[in-house]
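Chemist: Need the 3D shape of this:
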Amino acid sequence: MINNIVKIHWPDGKYSEAKPDEDWLHAAKKANIDIPTGCLGGSCGACEIEVNGEIIRACIQKIPDKDNLTVKFAMDPYW
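Modeler: As a prediction, this is how the structure comes out:
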C-alpha cells in the first residue's frame, strides 16, 4: 500500500512533505532547498544527496514510499 505523504527532514532542520514517486528536485524546490545540479541525467553526480544513509542522485531518482526520510548533503571534494 502506498503512503499518501512522505515526511522529509532536510539538513537545515526544516521538514517538508511529498508524495511517493515525486521527483527529488521538485520536492526540494517546494521546500526552498537548493540541490546543486549539473547534467540532469545522473552521470555527473552534482546532485548527490544522502537519504537515510544511502547516496542517491536526486536528478534521476524518485522519493521512495517510506514514512520518514532524512536527507544530508553528500560532500564531493572535487565539486
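
Chemist: Next, the most centrally placed residue in the chain: phi, psi?
Modeler: Centroid-nearest residue in the chain: residue 24, 4.3 Å away (criterion: Cα atoms, centre = their mean). Backbone geometry at residue 24, expressed as degrees, to the nearest 10, gives phi -60, psi -40.

Chemist: Report pLDDT for it.
Modeler: At residue 24 the predicted local distance difference test score is 97.

Chemist: ok, it touching residue 64?
Modeler: No. Under the criterion of Cβ atoms under 8 Å, residue 24 lies out of contact with residue 64, with a separation of 10.1 Å. For every residue, glycine as well, the C-beta is placed using N, CA and C.

Chemist: Let me see the contact set for the closest residue in space to residue 34 that isn't next to it in sequence.
Modeler: Excluding the flanking residues, the one nearest residue 34 by Cβ to Cβ, 6 or more residues apart in numbering is residue 28, at 7.2 Å. Taking Cβ atoms under 8 Å, 6 or more residues apart in numbering, we find residue 28 in contact with 10, 34, 35, 58.

Chemist: Residues contacting the longest strand anywhere in the chain, please?
Modeler: Secondary structure of the chain per DSSP state E: the longest strand is strand 68-73. For strand 68-73, the surrounding residues in contact (Cβ under 8 Å, 6+ apart) are 6, 7, 8, 9, 10, 11, 35, 49, 50, 51, 52, 63.

Chemist: Could you list the buried residues of the helix or strand containing the second one?
Modeler: Meaning residue 7. Per DSSP states H and E, residue 7 falls inside strand 6-9. Taking 16 or more other Cβ atoms under 10 Å as the basis for neighbour counts, the residues of strand 6-9 that come out buried are 6, 8.

Chemist: Which neighbouring elements make contact with the very next helix or strand once past it?
Modeler: Counting by DSSP H and E, the element after strand 6-9 in chain order, helix or strand, is strand 15-18. Other helices and strands packing on strand 15-18, by 3 or more Cβ pairs under 8 Å, 6 or more residues apart in numbering; DSSP states H and E, are strand 6-9, helix 24-30.
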